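> Quick one: sequence and predicted model below, then my questions.
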Amino acid sequence: MALTVLCVSFLLFLGLGVPVAFSIGLSCISTFYVEDLPFETAIQMMTSGMNVFSFLAIPFFIFSGELMLHGGIADKIVIFARSLVGHWRGGLGLANVVASTLFGGVSGSPVADTSAMGGVMIPIMKKEGYSAAYAVNVTTHASLSGALMPTSHNMIIYAFAAQAATGVIDGHVIRGVSIGDLMFAGLIPVFWIMVCMLVTAYLQAVKYGYPKREDGSTGVETFPGWTFVFHSLVASLPGLGVVAIILMCILMGVATATEAAAIAVAYALFLTVVIYRTMSREKLFKSLAKASKTTGVILLLIGVSNMLRYQMAFLEIPDVIEQALLNATHTPWLMLLYINIIQIFLGIFLDMAAHILITTPLFLPLAIQMGVGPVQFGMMLLLNCALGLVHPPVGSVQFIGCAIGNISIGEATKTAWPYYLAIFVAITLVTYVPMFSTWLPTLLTGHVVL
């Protein structure tokens, strides 16, 4: 009865258009009432879920990304990316992919990445003879790499959701997951996302003859020379340096992930106020307001999701799902395929933070049984959750891209399948080739990462 109330009420609230955080909270409260459990327990679960020191990294990472977004860093990255690959067929599309990947490392957010790169690149691409759908899809799908970058607050959320994970893989004891390991683990998967997106953007440009201007003419930019490429790289390096600073602080033991996030904010302020001098008072207040709003939404989700985790443990939901999947197959590769399919389906309805918080305790214990460590599973999960950002009805990144490109979601979705396929290829590589996620953190940290 309680399980029915939990599931039906959650789906009912979602169907009525209630925000995900409130849908989770209200469905949990309803279940507490049916089970005759004290409501004080629900409040205690909610507050204890948010009262975690490492969560201080979330507002810091979000604020540093907003400062970079409004501080003009994107323009310099675009100039560098355009000088590097803009002279190839579909050059602006390729430059968009490179720039979105690089800025994803600065912002750590697919939404901020799409807002920055889309605002700069989509109007230019439309003007230069690229279709709006091509410009939007390239931007939105390339921006997903931001979810796996060291500045991503989604890694902090996953680390919290995976803190109870235990098990043994190849003689190595698993107890939770290190945020530092996650930050290093995302670098190679991000590279493969960029490669897959570059290939897709190039093939689509060749297929449709982009750039194709209104007068019927086509043209490709000329290579500006390696001197210009070098100068544009130097100009963009200060902005890109935030990634190196975070990783070096953690690798050298100078700071924890939370402290590194605070350093990133100080660096972003210094860069945008003192070096580039692009940060005005209005932009600073806008960055503060946006970071505060986003942080509030995420912490509310974390709090109500902790209530949901309590309910799921009380009702033994993870055990039921685990047994159902084990009854379906005991083959590891097939089990991981099932998990990926379920994750992609859930991404249609859940925003990224809620997706991570709800599904991690459901599938991570099963993945560990199949020999997949929490770091590798984290990369796989983050990619699946990120994919949900680009397809409706909850595809916030795709909505932003379409708004900038002034086209409908339906028009963009019609030609989006090659880009979906590119992300699927990246997900498959991360799922079935563990070294893509674990080799670099193992090499840099000096301990075995699984």
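Good, I have the coordinates. Residues are numbered from 1 along each chain as shown.
> Please make it C-alpha for all contacts and neighbour counts, starting now.
OK.
> Residue nearest the middle of this protein, spatially speaking?
Closest residue to the average C-alpha location of the chain: Ala147 at 2.1 Å, with CA atoms, centre = their mean.
> hang on, isn't it packed against Ile156?
No - Ala147 is beyond contact range of Ile156, at 10.9 Å (criterion: CA atoms under 8 Å).
> How about the contacts made by Ile188?
Taking CA atoms under 8 Å, 6 or more residues apart in numbering, we find Ile188 in contact with 436-437, 440.
> Over to Gln311?
28, 31.
> What of Thr47?
The contact partners of Thr47, taken as CA under 8 Å, 6+ apart, are Gly303.
> got it, and Val304?
21-22, 24-25, 46, 49.
> Give me the residues contacting stretch 290-300.
Contact with stretch 290-300 is made by 21, 50, 58-59, 62-63, 66, 353, as judged by CA under 8 Å, 6+ apart.
> and with 6 Å instead?
59, 62-63 (CA atoms under 6 Å, 6 or more residues apart in numbering).
> Next: stretch 131-146.
By CA under 6 Å, 6+ apart, the list of residues contacting stretch 131-146 reads 97, 100-101, 104-105, 108-110, 113-114, 122, 126, 190, 386, 398, 401, 405, 412.
> Which of the residues you listed fall within helices?
Cross-referencing the contacts of stretch 131-146 against helices under DSSP state H gives 97, 100-101, 104-105, 110, 113-114, 122, 126, 190, 386, 398, 401, 405, 412.
> Need the max-distance pair from those.
Spanning the widest gap among the ones in helices among the contacts of stretch 131-146 are Lys126 and Val190, at 26.7 Å by CA to CA.
> Neighbour count for those two, which is higher?
Between Lys126 and Val190, Val190 has the larger neighbour count (other CA atoms under 10 Å), namely 26 against 19.
> Would you check how far apart that one and Leu148 are?
Distance, Val190 to Leu148, by CA to CA, to the nearest Å: 7 Å.
> same question, Thr4
Taking CA to CA, one finds Thr4 at 35 Å from Leu148.
> tell me which of the ones in helices among the contacts of stretch 131-146 is nearest to Gly378?
Out of those, the member with the shortest distance to Gly378 (by CA to CA) is Ala386, at 11.9 Å.
> can you pull the contacts of the closest one?
Contacts of Ala386 by CA under 6 Å, 6+ apart are Leu144.
> Tell me, what's the model's pLDDT at it?
On pLDDT, Ala386 comes in at 87.
> Can you give me the distance of it to Gly71?
Going from Ala386 to Gly71 by CA to CA gives 25 Å.
> what's the answer for Phe10, then?
For Phe10 relative to Gly71 (CA to CA), the value is 40 Å.
> Between the two, which is the more surrounded one?
Gly71 (24 against 21).
> Wait, that one touches Arg277, no?
No - judged on CA atoms under 6 Å, Gly71 makes no contact with Arg277 at a distance of 8.2 Å.
> before we move on, back to that, neighbour count winner among Thr4 and Leu148?
Neighbour totals were compared for Thr4 and Leu148, and Leu148 leads with 31 against 10 (other CA under 10 Å).
> quick one, what contacts that one?
Gly186.
> do that again at 10 Å, thanks
104-105, 108-110, 154-155, 182-190, 378-380, 382-383, 386 (CA atoms under 10 Å, 6 or more residues apart in numbering).
> Okay, it and Ser48: tell me how far apart.
Taking CA to CA, one finds Leu148 at 27 Å from Ser48.
> What of Val390?
Distance from Val390 to Ser48, by CA to CA: 32 Å.
> Phe345 too?
30 Å.
> before we move on, back to that, narrow the contacts of Leu148 to those that are buried.
104-105, 108-110, 154-155, 182-190, 378-380, 382-383, 386 (16 or more other CA atoms under 10 Å).
> Skip the chain neighbours and tell me the closest residue to Leu346.
The shortest distance from Leu346 to any non-neighbouring residue, by CA to CA, 6 or more residues apart in numbering, is to His355 (7.4 Å).
> and that neighbour, how many neighbours does it have?
24.
> so what's Gly239 up against?
Contacts of Gly239 (CA under 10 Å, 6+ apart): 68, 71-74, 76-77, 102-103, 105-106, 267-268, 271-272, 276.
> From the residues you listed, pick the one nearest Leu84.
Checking the contacts of Gly239 one by one against Leu84 (CA to CA), the nearest turns out to be Ile77, at 10.7 Å.
> if I've got this straight, Leu357 is in a strand?
No - counting by DSSP: H, G, I helix; E, B strand; the rest coil, Leu357 is located in no strand; its state is helix.
> What about it, how many residues nearby?
By other CA under 10 Å, the residues close to Leu357 number 24.
> Inside strands: which ones of the contacts of Val304?
Among the contacts of Val304, no member falls in strands (DSSP state E).
> Hmm, Tyr175 is touching Pro374, no?
In this structure residue 175 is Arg, not Tyr. Yes - look at Arg175 against Pro374 with CA atoms under 10 Å: they come within range, at 9.1 Å.
> Find the residues that touch each one of those two.
Joint contacts of Arg175 and Pro374 (CA under 10 Å, 6+ apart) are 162-163, 165-167.
> Which ones among those residues lie within strands?
Residues of the shared contacts of Arg175 and Pro374 located in strands (DSSP E): 166-167.
> Tell me the most packed of the shared contacts of Arg175 and Pro374, by neighbour count.
Going by other CA under 10 Å, Ala162 tops the shared contacts of Arg175 and Pro374 with 23 neighbours.
> residues in contact with that residue?
156, 175-178, 356-357, 360-361, 364-365, 374-375, 378.
> What of His231?
Going by CA under 10 Å, 6+ apart, the list of residues near His231 reads 80, 83, 237.
> Work out the gap between the helix or strand the last one falls within and the centre of the chain.
The reference is to Leu237. Here Leu237 sits within helix 226-251, counting by DSSP states H and E. Averaging C-alpha positions (CA atoms, centre = their mean, to the nearest Å) puts helix 226-251 21 Å from its chain's average.
> do the same with stretch 313-323
27 Å.
> mind listing the strands for this structure?
Counting by DSSP E, the strands of the chain are 166-169, 172-175.
> The first one - what's its average pLDDT?
Looking at strand 166-169 alone, the average pLDDT works out to 80.
> What strands flank it, and is each parallel or antiparallel?
The strands beside strand 166-169 in its sheet (DSSP bridges) come out as strand 172-175 (antiparallel).
> can you tell me which helix in the chain is longest?
Per DSSP H, the chain has its longest helix at helix 281-314.
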